[in-house]
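Chemist: return atomic coordinates for the entry below.
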Amino acid sequence: MPILIKDLQIDSITGPISLTILVPEPDLVNAVKRTIPIIMLFGDRHESEEGYCSTCTCDLKTKNCCYEIWSKEFLQIFDSIATKEQPIDFYIESFTNKADIEEAKKDIYKYSKELSEAAKKGTMSKLREKLYTCYFRELRGTKAYKDLCPTSNIRWQFADARQGDTGSIESNLVLINNLFYNIADLAKLGYTAISMDTKASVANLMARTVKYEISTIAGFSDILELYIEFIKNPKHFYSLLFNPEGDMIKLTKIYKQIKKQQFPFNSTHYWSNIINNYVKYIVDKHEFFVTSSYVDAVIEMSKLYKTEQELTQFFLEHIDNNIQVWNGVYKYILALSIFLDIYFVTRILKKPTDGREPFMAIGYFGDLHSTHIAYLLEKIMTSYVNLGRIDANGRCLKLDSVVDLNKIAKVYNGDFTKTKSFLSRLLGK
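Modeler: The predicted structure is shown next:
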């Protein structure tokens, strides 16, 4: 679907591997009497640069264009159809923390340059590192922001509730899961080693890794206990975590967004029901099953983590006997991905405190997140209509049928009756 925007026709985009466009149900727009954003979800394959468009240029004579999604030119085109009063929100699968922010504040020009030059492989990294200043809301309107960020009407947002500063349940669970992820990678080294001395060295490295990581995680024993309950039964865990009558929900980043919602999304019971149905969909779709050997190993390790010698012996036994034990950690990454999806949806549906409602929300996430979010909005929440998904050839997204963003931007001007009528015509209702 070529994107018509201003007087350009965007025929292809290099970087993402998919694009899904969703529009709000007309009845929802009419009911809430405020702007509900159009959503463009780009899917990513992390840390890969294979399959970019072989030639990606813009011919101003024919108006047929290909753009790199992270390019200043592409972003400024979208910026031009937004306004200060009705901006575009651009979310990526990342987060920041207080330490990074404080370091950047010392010299944002230097920090931005160093971060851009150190950008890792992959489109996601380019959207984060090369545009890092754009995410500093404190800098909006300043000279530094104008100098370093190519847009003024796009509000750049981090959407990954699993990352960032510790303290929330989302971050704490991922910290523990990442610890065991690192252990699994080390276990592979030990398993392939031939000599017992090498195996013992790897086992000791695993033990020292655990000891170090534990020292950086406040309240480790309590978080580990919570993690064990999660890996035993993810469905049951999420039902307890998001119990509207419980206390645990109040420790999540998602709860903070739920409390900012307006009708019809302002009920904790509503979100509890949505989340439980969504967790069931994810677990059932991917035929997720609890890896009992991994659960047993984590429980056993939780009794030994205070002693390096005991931990070393424990890991050595598992290296020799069953390397597959630690591979179980990879399955739980999928179960934890739910946090990002729900957090993103609660962010886009809340009414901003400054009253400036976006007419469009763009999400750039791992492709599985984009697929799942589209299902959540269309099938479980029944709040959006999916206009279709385009899959790229590699990382070159060719657009076939037409999406006229000029018309969409023009209609989204606060006239809710007009908006509802437009969406009805668009959806053939």
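
Chemist: what's around the nearest residue to P358 once chain neighbours are set aside, how many residues?
Modeler: Counting by CB to CB, 6 or more residues apart in numbering, the nearest residue to P358 once its immediate chain neighbours are dropped is D89, at 4.4 Å. Backbone N, C-alpha and C define where each C-beta goes, glycine included. Applying the criterion other CB atoms under 10 Å, we find 23 residues in the vicinity of D89.

Chemist: could you look up the SS state of D89?
Modeler: The local conformation at D89, judged by DSSP: H, G, I helix; E, B strand; the rest coil, is strand.

Chemist: looks like it contacts P37 (just checking).
Modeler: Yes - with the criterion set as CB atoms under 8 Å, D89 and P37 qualify as a contacting pair; they are 7.1 Å apart.

Chemist: ok, the most centrally placed residue in the chain - contacts?
Modeler: For the chain, the residue lying nearest the average C-alpha position, counting by CA atoms, centre = their mean, turns out to be E93 (3.4 Å). Listed by CB atoms under 8 Å, 6 or more residues apart in numbering, the contact set of E93 reads D44, M124, A159, D160, L340, Y364, F365, G366, H369.

Chemist: where do the contact lists of D89 and P37 overlap?
Modeler: Between them, D89 and P37 have I348, P358, M360, A361 as joint contacts when contacts are counted by CB under 8 Å, 6+ apart.

Chemist: tally up the residues packed near the third one, please.
Modeler: It refers to M360. The number of residues packed near M360 is 24, by other CB under 10 Å.

Chemist: rewinding a little: now for the shared contacts of D89 and P37: which two are most distant?
Modeler: Maximum pairwise distance among these (CB to CB): 9.8 Å, between I348 and M360.

Chemist: okay, and the common contacts of the two?
Modeler: In the contact map built from CB under 8 Å, 6+ apart, the residues linked to both I348 and M360 are P37, I39, D89.

Chemist: list the contacts of the helix or strand containing D147.
Modeler: Counting by DSSP states H and E, the element that carries D147 is helix 143-148. Residues outside helix 143-148 that contact it (CB under 8 Å, 6+ apart): I108, Y109, S112, T133, C134, F136, L139, S152.

Chemist: now the residues you listed in JSON lines, with pLDDT?
Modeler: Listed next are the contacts of helix 143-148 as JSON lines, based on pLDDT from 0 to 100:
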{"residue": "I108", "pLDDT": "82"}
{"residue": "Y109", "pLDDT": "80"}
{"residue": "S112", "pLDDT": "80"}
{"residue": "T133", "pLDDT": "85"}
{"residue": "C134", "pLDDT": "88"}
{"residue": "F136", "pLDDT": "83"}
{"residue": "L139", "pLDDT": "79"}
{"residue": "S152", "pLDDT": "92"}
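
Chemist: and the furthest pair within the residues you listed?
Modeler: Y109 and S152 (18.3 Å).

Chemist: the more surrounded of those two?
Modeler: Remark: of Y109 and S152, S152 carries more neighbours, 18 against 12, as counted by other CB under 10 Å.

Chemist: relative to K188, how far out is the more buried one?
Modeler: Computed as CB to CB, to the nearest Å, the S152 to K188 distance reads 48 Å.

Chemist: likewise L405?
Modeler: Using CB to CB, one gets 47 Å for the distance from L405 to K188.

Chemist: so between these two, which is more surrounded?
Modeler: In this comparison of L405 against K188, neighbours counted by other CB under 10 Å, the higher total goes to L405 at 20 against 14.

Chemist: the more buried one reaches I3, doesn't it?
Modeler: Yes - counting by CB under 8 Å, L405 does reach I3; the two are 5.9 Å apart.

Chemist: overlap in contacts of the two?
Modeler: Any residue near both L405 and I3 by CB under 8 Å, 6+ apart counts here, and not one turns up.

Chemist: what number of residues lie near G246?
Modeler: 12.

Chemist: can you say which helix or strand has it in it?
Modeler: Taking DSSP H and E as the definition, G246 sits outside all helices and strands.

Chemist: list the contacts of the closest residue to it other than its chain neighbours.
Modeler: With CB to CB, 6+ apart as the measure, L240 is the residue that lies nearest to G246, at 6.7 Å, once sequence neighbours are left out. Contacts of L240 were listed using CB under 8 Å, 6+ apart, and they are E229, G246, M248.

Chemist: just to revisit the earlier point, mind listing what the following helix or strand past the helix holding D147 pairs with, with the direction of each?
Modeler: Using DSSP H and E, the helix or strand that directly follows helix 143-148 along the chain is strand 154-158. Strand 154-158 has the following sheet partners, assigned by DSSP bridges: strand 88-92 (parallel).

Chemist: next, the buried residues of the helix or strand immediately after the partner strand in the chain.
Modeler: The first helix or strand that comes after strand 88-92 along the chain, using DSSP H and E, is helix 98-106. For helix 98-106, a neighbour-count test (16 or more other CB atoms under 10 Å) marks A104 as buried.

Chemist: now helix 98-106: average pLDDT?
Modeler: When pLDDT is averaged along helix 98-106, the result is 72.

Chemist: name the helices or strands packed onto that helix?
Modeler: Contact partners of helix 98-106 among helices and strands, from 3 or more CB pairs under 8 Å, 6 or more residues apart in numbering; DSSP states H and E: helix 108-117.

Chemist: other SSEs contacting the helix it packs on?
Modeler: Under the contact criterion of 3+ CB pairs under 8 Å, 6+ apart, the helices and strands touching helix 108-117 comprise helix 98-106, helix 143-148.

Chemist: other residues contacting that helix?
Modeler: Contacting residues not belonging to helix 108-117 are listed as E103, A104, E129, K130, Y132, T133, F136, L139, A144, D147, L148 [CB under 8 Å, 6+ apart].

Chemist: give me the buried subset of the residues you listed.
Modeler: Of all the contacts of helix 108-117 considered here, the ones buried according to neighbour count by 16+ other CB under 10 Å are A104, E129, K130, Y132, T133, F136, L139, L148.

Chemist: what pLDDT is listed against Q262?
Modeler: The model reports Q262 with a pLDDT of 85.

Chemist: that one - how many residues pack around it?
Modeler: Every residue meeting other CB under 10 Å relative to Q262 is counted, giving 12.
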